[in-house]
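[1] Pasted the sequence and its predicted model underneath.
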Amino acid sequence: MTAKIKPSPEDHRTSERSLAASFYLPMIAGSFDVIAVTVAASLAFYLRFYWPLPDLVPFHWMPKPMNYVLFGVALGMVYVIVSWSYRGYATRIRVPLEQEVGRILRGSLLSTGVLLALIFFYREFTYSRLVFLMTLCFMVPALIASRSMFQRVQIMLFKRGIGVMRVALWGTGELAARLWQDFERGRTQGFQLIGAVGEAPVEGGRSLGEISALRDLVFEHDLDMLVMAPPPDEEERMDDVMKAAEGLTVELLFCPSAVEITRSRIRVTEVGGRPILRMKTIPMAGWRYVVKRMMDFGLSGLFLICFSWLYAMVAAAVYLDDGRPIFYKQKRVGMDGREFDIVKFRTMRKDAETQSGPVWAKKGDPRVTRIGGFLRRWSLDELPQFLSVLRGDMSLVGPRPERPHFVEQFSRHIPQYLDRHRVKSGLTGWAQVSGFRGSDTTIEERTEFDLYYVENWSLWFDVRILLKTLIAVIRGRGAM
């Protein structure tokens, strides 16, 4: 006979505490989205029938505004249902905003298509197709703003302990110790580390008890999640952990030791019905890569045309300050480890590396010319690199390219340093706009941010970095 598990009074307390995460937070997110879509539809109605489009596209009769407000509410509710169907409101873990953009685009197109199909059968009122199109255009930025506002609310609630997942960690060794530290820092991300099951992986860490008492520990500490991170020689004990967790409403997560040898985002795929961990993927491929290249070509070409006068002014300033050569050419390593020539306006003396060899420039470097300091501060020395972007050697956004000498040096002691070359080098990058630029930061820190960009790349991420770069350059901080 199978033993019956009696419900514990703590079951109800855990369920009530989890209600905020499983119900209230998605309800708040969904309400924000319905309001955002309604605002987008109302704005489209106003522009079409009040200003400025009536003068350009006349209409025969004025519809009631309430019909379009209700249309916005209906579209918002359809969007929520569509997004819910592919877990768009799994809010227990905060997703970076740039990763939400793809979901928003997909949900907007699907929900608009669904509502168009439903309205086709509604003959009592004819909706303006122009308003439909404008609503779709306004809907995406409105939903991005909505999700940004919700994430602020979510962080505020997490800081107060509302909706936070209570986590226990099982495992010893370096991987478990790193996870322990990550969880300790991550309460605003929706996690609160309660302690370890079994031996704590860090000195002074709190041990809740042994695996054999897991059922009592889950109820006693209101645990929502158990993360298993055993070293390779203890992985056979996972069967004991899985057995102890049977019948418990607690999530089990497994962090294999393989993550120690890769910083790539591990994904699960299937071959013949068997789950397989995908350790590394091609970050830029297909239509997204084509769109990125089109964006690089279009924006760099437009910049070169609009600011050709600036090139002439900077070239004249370099020549008057220190003579020829005006440009400085240097070998750099780009995508797939291929070398290319990078060109900058010269900011150092002609003999800057004659005696020292390849070295990084430092703050207050005596080798920098008078005009060179000004050019570096405002990133004007980087302007010729727009030609490299136009040719396809570089991209507007990506890890900054390094010289072959430094690439060989860094790849020896920095794990996965060469993975920076899985994408094109960029004029600006995630590390630079995050403040990791120049000799005041370490190459390890910059590499970490570069690898994050490689693994989390999206077109929206590029746009976000470009906007941050523009703000940094305007403020004279430089991000290129």
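    Happy to help now that I have it.
[2] How is this protein partitioned into domains?
    9-159, 165-261, 287-474 (automatic domain parsing).
[3] Reformat those domains as TSV; add mean pLDDT and mean neighbour count.
    To be clear about C-beta, it is placed using only N, CA and C from the backbone, and glycine gets the same treatment. TSV is the format used below for the domains of the chain (pLDDT from 0 to 100; neighbours: other Cβ atoms under 10 Å):
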stretch	mean pLDDT	mean neighbour count
domain 9-159	79	16
domain 165-261	86	17
domain 287-474	87	17
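[4] mind putting the ones you listed in CSV, distance to residue 271 included?
    Listed next are these as CSV, based on distance: least, Cβ to Cβ, whole Å:
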stretch, distance to residue 271
domain 9-159, 23
domain 165-261, 17
domain 287-474, 22
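[5] so what secondary structure elements neighbour the longest helix belonging to the chain?
    Ranked by number of residues, the top helix in the chain under DSSP state H is helix 129-159. Helix 129-159 is packed against helix 25-49, helix 65-85, helix 97-120, with contacts defined by 3 or more Cβ pairs under 8 Å, 6 or more residues apart in numbering; DSSP states H and E.
[6] Heading C-terminal from that helix, find the next helix or strand.
    Per DSSP states H and E, the first helix or strand lying C-terminal to helix 129-159 is strand 165-170.
[7] Strand partners (parallel or antiparallel) of that next one?
    strand 191-197 (parallel), strand 225-228 (parallel) (DSSP bridges).
[8] Indicate which one of these is closest to residue 177.
    strand 191-197 (10.6 Å; Cβ to Cβ).
[9] what sits up against that closest one?
    161, 164-170, 180, 183-184, 205-211, 214, 217, 221, 223, 225-226, 241 (Cβ atoms under 8 Å, 6 or more residues apart in numbering).
[10] residue ranges of the strands in the stretch 301-450 of the chain, please?
    Using DSSP state E, counting those that start in this stretch, the strands of the stretch 301-450 of the chain run over residues 327-333, 339-345, 395-397, 426-428.
[11] now these in TSV, with distance to residue 470?
    Below are these laid out as TSV (distance: least, Cβ to Cβ, whole Å):
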stretch	distance to residue 470
strand 327-333	24
strand 339-345	20
strand 395-397	11
strand 426-428	9
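[12] Compare these and give me the one nearest residue 62.
    Using Cβ to Cβ, these put strand 395-397 closest to residue 62, at 45.6 Å.
[13] Adjacent strands (with direction) for the closest one?
    strand 426-428 (parallel).
[14] Let's have the strands paired with strand 165-170 in TSV, adding distance to residue 315.
    Below are those laid out as TSV (distance: least, Cβ to Cβ, whole Å):
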stretch	distance to residue 315
strand 191-197	54
strand 225-228	57
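[15] show me the residues around residue 169 that make contact.
    176, 179, 180, 183, 193, 195, 196, 197, 201, 226, 227, 229.
[16] likewise residue 462?
    Applying Cβ under 8 Å, 6+ apart, the residues contacting residue 462 are 292, 295, 396, 397.
[17] Work out for me the element it sits within.
    Following DSSP H and E, one finds residue 462 within helix 459-474.
[18] can you give me the offset of that helix from its chain's centre?
    13 Å (Cα atoms, centre = their mean, to the nearest Å).
[19] Please find the angle between the direction vectors of that helix and helix 97-120.
    130 degrees (axes from the mean of the first three to the mean of the last three Cα atoms, to 10 degrees).
[20] between helix 459-474 and helix 129-159, how many degrees?
    With the same axes, to 10 degrees applied, the angle from helix 459-474 to helix 129-159 works out at 80 degrees.
[21] what residues does stretch 424-435 touch?
    Under Cβ under 8 Å, 6+ apart, the answer for stretch 424-435 is 332-335, 382, 385-386, 389, 393-401, 437, 441, 445-446, 449-450, 452-453, 461, 465-466, 468-469, 472, 479-480.
[22] Tell me who's in contact with the residue lying closest to residue 69 once chain neighbours are set aside.
    Once flanking residues are discounted, residue 69 sits nearest to residue 42: 6.0 Å by Cβ to Cβ, 6 or more residues apart in numbering. Each residue near residue 42 by Cβ under 8 Å, 6+ apart is listed here: 65, 68, 69, 72.
[23] repeat that for 10 Å
    Neighbour list for residue 42: 65, 68, 69, 71, 72, 135, 138 [criterion: Cβ atoms under 10 Å, 6 or more residues apart in numbering].
[24] separation between the closest residue to the fourth one other than its chain neighbours and residue 30?
    Nearest in space to residue 71, with sequence neighbours left out and distances taken as Cβ to Cβ, 6+ apart, is residue 41 at 5.6 Å. Here the criterion is Cβ to Cβ, to the nearest Å. By it, residue 41 lies 17 Å from residue 30.
[25] Please apply the same query to residue 449.
    Looking at residue 449 against residue 30, where the rule is Cβ to Cβ, the gap reads 33 Å.
[26] can you check residue 447 too?
    Applying Cβ to Cβ, the value for residue 447 to residue 30 is 39 Å.
[27] again, but for residue 300
    From residue 300 to residue 30 the distance is 41 Å (Cβ to Cβ).
[28] Over to residue 427?
    Taking Cβ to Cβ, one finds residue 427 at 39 Å from residue 30.
[29] Residue 234 against residue 172, yeah?
    Yes: contact criterion Cβ atoms under 10 Å: residue 234 and residue 172 qualify, at 7.2 Å.
[30] Now the common contact residues for the two.
    By Cβ under 10 Å, 6+ apart, the residues touching both residue 234 and residue 172 are residue 198.
[31] between the strands paired with strand 165-170, which gets nearest to residue 84?
    strand 225-228 (22.2 Å).
[32] helices and strands around the following helix or strand past that closest one, which ones?
    Using DSSP H and E, the helix or strand that follows strand 225-228 towards the C-terminus is helix 238-244. Packing contacts for helix 238-244, counted by 3 or more Cβ pairs under 10 Å, 6 or more residues apart in numbering; DSSP states H and E, involve strand 165-170, helix 214-220, strand 225-228, strand 251-254.
[33] would you list these in CSV and tack on distance to residue 317?
    Output for these, formatted as CSV (distance: least, Cβ to Cβ, whole Å):
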stretch, distance to residue 317
strand 165-170, 57
helix 214-220, 69
strand 225-228, 57
strand 251-254, 57
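[34] can you tell me which residues contact residue 233?
    Counted by Cβ under 10 Å, 6+ apart, residue 233 has contacts 172, 173, 257.
[35] Equivalent analysis for residue 293, please.
    284, 389, 392, 395, 424.
[36] Farthest pair within those?
    284 and 389 (15.0 Å).
[37] From residue 441, how far out is the closest residue to residue 333 other than its chain neighbours?
    Sequence neighbours aside, residue 407 is the residue nearest to residue 333 in space, at 4.7 Å (criterion: Cβ to Cβ, 6+ apart). Distance of residue 407 to residue 441, given as Cβ to Cβ: 18 Å.
[38] Same question for residue 246.
    Distance, residue 246 to residue 441, using Cβ to Cβ: 48 Å.
[39] Then residue 205?
    30 Å.
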